[in-house]
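Peer 1: my questions are about this predicted structure, shown below with the sequence.
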Amino acid sequence: MRSIEQACYWLARLPPREPLPLSTPAEADIVVVGAGLTGLWAALFLKQLDPGADVAVVEQGIAAYGASGRNAGMLSETVDHSHGLAVQHFGFEEARRLAALGEQNVAELTAFIRDRGIACDYEPSGRLNVALTPAHLEEAARSVELAERLGLTTFRLLDAAAVQAEVHSPLYLGGVAVAGGGIMDPARLTDGLRREGERLGVRIYERTTVHSVSERGAGVVLRANGTTLTARRAILATSAYTHHLLPAVTFRFIPLYDYIIVSEPLTPAQWDAIGWRRRQGITDGRAFFNYYRPTPDGRVLWGTSEATYYAGNRVDPSCDHSPHHYATLRESWRRHFPQLADLGWEYEWGGAICSTTRLTPFFGRALGGRVSYGLGFTGHGLGSTRIAGRILAHLALERKGDLLDLSLVTRAPFPYPPEPLRRLAVNAVTRALRRVDAGGAPNLMLRLLDRLGIGFSS
Ligand SMILES: Cc1cc2nc3c(=O)[nH]c(=O)nc-3n(C[C@H](O)[C@H](O)[C@H](O)COP(=O)(O)OP(=O)(O)OC[C@H]3O[C@@H](n4cnc5c(N)ncnc54)[C@H](O)[C@@H]3O)c2cc1C
């Protein structure tokens, strides 16, 4: 199996460069662990709030090594996984606030990449959520109606003819077109934020694994690469890896591996056979859905949210590949697009998504307030990590911010059970959701979890 740097289409496209590891004892005002989107946005917001702050970012791989460089690159305005879930968890008024915040975030993010000249192949092509069953059609209609009640004007219901006209799959029965958001190269976005941070004076130490964070006087000391980094405050932007440094958060999230394949470039005739001229990112209505999009050089990226939980919260390179998922991905492509059943696939990889029982991020502090953390972006982090970066910068600088009163900041999600119950529970829910995706009715366990507002998805 290829290393992630070669296997992941986006990472393989990054220009090679020589990263700088931490090699001697160093100090900073604020240290951010993790050079993914959360950590780098946090560093940029720290510099915006306090331009004089000495900020360092520490990353075990290179910037974009984690989910930020491995995702599908589908940017949406979603902060809350689904507007229906937001209403269920936080009430109608806060769901309305999150919906507006999500739209504002996409507008600010895309203005930022344009103004700073971050070349991440952004295409504002919107998204489609396609219905594969009559139940999905009903849900599509409900979601458009709710979006309108929440003040969103970008959602439009499509019938079978309208969705087929967009993209030619015999499986589509209808769907929802959302005008906002689009597609981009997520690794180039992350790398662009790294360069922007460096331009503002942020020091970025890569190939530097932090082994511990502990108190030292009024501040913290981080041990990494056989040396130390001391700081007044630390931000952990370590997503699905956070339990390695802060075991206490283990019961608030689960790491789930999603897998993706990327095809060879399609010929013009092959594109004609499937349509997709507007190049939207696409998802479907199943619990374990496919997500897919065209790439800048005319390939198809095809992913699955049928995620794997590796017992004991394992997150390491041994999880980066799954031949079983690659085979089922190819098979599901053939079912969706039989006219291109012979398409060849050139890249395949996995990455860890970080999920909570309420499917929205959460934030917290540790070591007497010296450490702040934020994680749990599920499959929506391309946009929502920017909001998280803003929240974390305010928490670390102890500044008042307009986002700190959001329930996803003030309230922790319902906990997951510890092992071995965790593994058994995840397996039971996975099996039950598979049955629903195959057309069965939700069993008692799923109905109970639904009543409690507890979800399971990457
Ligand atoms: C396969 C896949 C598809 C996805 N598709 C989409 C999509 O289309 N749209 C969307 O919005 N979202 C998508 N997501 C989700 C999105 O990628 C994440 O929510 C987002 O990237 C999270 O960013 P992050 O910075 O919090 O985490 P990460 O990018 O994982 O960053 C955490 C960083 O911390 C580093 N780190 C961890 N521990 C240490 C340590 N001890 N020392 C030093 N460094 C450390 C890691 O190496 C990593 O780089 C997808 C995710 C995956 C995996």
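Peer 2: That came in fine, so what should we check first?
Peer 1: what's the neighbour count on the closest residue to the ligand within the chain?
Peer 2: Closest approach between the chain and the ligand, counting by CB to the nearest ligand atom: residue 381, at 1.9 Å. Using the backbone N, CA and C atoms, a C-beta is placed for each residue, glycine as well. Neighbourhood size, residue 381 [other CB atoms under 10 Å]: 25.
Peer 1: what about it, distance to residue 106?
Peer 2: 13 Å (CB to CB, to the nearest Å).
Peer 1: just to revisit the earlier point, let me see the contact set for the residue of the chain closest to the ligand.
Peer 2: 37, 38, 67, 68, 71, 239 (CB atoms under 8 Å, 6 or more residues apart in numbering).
Peer 1: in the stretch 301-450 of the chain, where is pLDDT below threshold?
Peer 2: Along the stretch 301-450 of the chain, segments meeting pLDDT under 70 are nowhere present.
Peer 1: which parts of it sit against the ligand?
Peer 2: Counting by CB under 6 Å from any ligand atom, the stretch 301-450 of the chain comes close to the ligand at 303, 351, 352, 353, 377, 379, 380, 381, 382, 383, 385.
Peer 1: ok, the fifth one - contacts?
Peer 2: Taking CB under 8 Å, 6+ apart, we find residue 377 in contact with 38, 239, 353, 354, 361, 384, 385, 388.
Peer 1: farthest-apart pair in the residues you listed, please.
Peer 2: By the measure CB to CB, 353 and 388 form the most distant pair in the contacts of residue 377, at 14.5 Å.
Peer 1: between those two, who's got more neighbours?
Peer 2: Neighbours were counted for residue 353 and for residue 388 using other CB under 10 Å; residue 388 has more, 30 against 26.
Peer 1: quick check: closest non-adjacent residue to that one.
Peer 2: residue 374 (4.5 Å; CB to CB, 6 or more residues apart in numbering).
Peer 1: how about residues contacting whichever strand or helix holds that neighbour?
Peer 2: In this assignment (DSSP states H and E), residue 374 forms part of strand 371-375. In this structure, residues lying in contact with strand 371-375 by CB under 8 Å, 6+ apart are 38, 213, 220, 233-240, 242, 246, 249, 253, 354, 361-366, 388, 391-392, 395-396.
Peer 1: where along the stretch 1-150 of the chain do the helices fall?
Peer 2: 4-7, 9-13, 37-49, 67-70, 83-90, 92-115, 134-149 (DSSP state H, counting those that start in this stretch).
Peer 1: just name the most buried of these.
Peer 2: Burial of these is given as mean neighbour count (mean count of other CB atoms under 10 Å); helix 67-70 ranks first at a mean of 28.
Peer 1: and that one, how far from the chain's centre?
Peer 2: Here the centre of helix 67-70 is set off from its chain's centre by 8 Å, with CA atoms, centre = their mean, to the nearest Å.
Peer 1: residues in contact with that helix?
Peer 2: Taking CB under 8 Å, 6+ apart as the rule, helix 67-70 contacts 4, 8, 10-11, 14, 36-38, 63, 186-187, 189-190, 239-240, 260, 349-354, 381, 385.
Peer 1: buried subset of the contacts of strand 371-375 as a PyMOL selection?
Peer 2: Of the contacts of strand 371-375, the buried ones can be selected in PyMOL as follows, counting by 16 or more other CB atoms under 10 Å:
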select buried, resi 38+213+220+233+234+235+236+237+238+239+240+242+246+249+253+354+361+362+363+364+366+388+391+392+395+396
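Peer 1: narrow the contacts of strand 371-375 to those in strands?
Peer 2: Among these, DSSP state E puts 213, 220, 233, 234, 235, 236, 354, 362, 363, 364, 365, 366 in strands.
Peer 1: tell me what the third one is bridged to.
Peer 2: Right, the one you point to is residue 233. residue 30 (DSSP bridges).
Peer 1: swap in the first one?
Peer 2: Taking DSSP bridges, one finds residue 222 as the beta-bridge partners of residue 213.
Peer 1: against residue 373, how distant is it?
Peer 2: Taking CB to CB, one finds residue 213 at 10 Å from residue 373.
Peer 1: same check on the fourth one?
Peer 2: Distance, residue 234 to residue 373, using CB to CB: 9 Å.
Peer 1: likewise residue 408?
Peer 2: Distance from residue 408 to residue 373, by CB to CB: 13 Å.
Peer 1: shared neighbours of the two, anything?
Peer 2: residue 363.
Peer 1: does residue 412 belong to a helix, a strand or coil?
Peer 2: Three-state call for residue 412 (DSSP: H, G, I helix; E, B strand; the rest coil): coil.
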